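Undergrad: I would like the atomic coordinates for the input below:
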Amino acid sequence: WVPAKLETGKREESEDTGIEVFVRKRPQFEYEVQKAEYDIVTVPNPQQVVVHNCCMHADLKRMVMKHVAFPSTHAFGHLAANEDVYARAAAPLVSWAARGGMAAMFMYGQTGSGKTFTMSSIESLGADDLFRHLHARAESNPTL
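TA: Model (predicted):
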């Protein structure tokens with residue numbers, strides 16, 4: 001869902017900061033669905049996350065919905081598989097590290113937003129991938 005009027009901050013394609021921002025939206029919890037709570041985050045496309053913020057109007061009588069879009073390198077919707085998140089966000093870092101480079105990944109978000117769930121999967125898939133890279137490297141150059 002993309003509202004007709006949307007505040008947006010688009011990242012220029014030519015900007016290369018060396019930092020990539022990936023966003024993963026968690027699905028609503030079952031209790032949230034049962035209580036018919038409003039899902040305030042949507043991922044309308046792979047480069048954008050929209051927060052639908054319900055605010056009190058200045059008269060303190062009416063509510064107003066403000067839609068704010070945030071650009072990202074890649075945004076994953078609530079149906080994204082751990083393998084897809086790993087392949088896009090972490091696999092290039094693991095490959096780089098296996099070739100002797102240095103890389104870092106940070107997780108940021110409020111409690112209950114899915115950091116541990118996502119990072120646990122990335123750690124597991126990354127460890128498997130790292131050993132696969134190192135094994136292939138040793139096979140191709142037995143003197144290492």
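Undergrad: who's the spatially most central residue of the chain bridged to?
TA: In the chain, the centroid-proximal residue (CA atoms, centre = their mean) is residue 23; its distance is 2.1 Å. Beta-bridge partners of residue 23, counted by DSSP bridges, are residue 75.
Undergrad: quick one: it from residue 43, how far?
TA: Per CB to CB, to the nearest Å, residue 23 is found 8 Å from residue 43. Every residue, glycine included, has its C-beta placed from N, CA and C.
Undergrad: For these two, list the residues in contact with both.
TA: In terms of CB atoms under 8 Å, 6 or more residues apart in numbering, residue 23 and residue 43 are both contacted by the residues 49, 75, 76.
Undergrad: From those, pick the one nearest residue 99.
TA: Distance to residue 99, by CB to CB, is smallest for residue 76 among the shared contacts of residue 23 and residue 43, at 26.0 Å.
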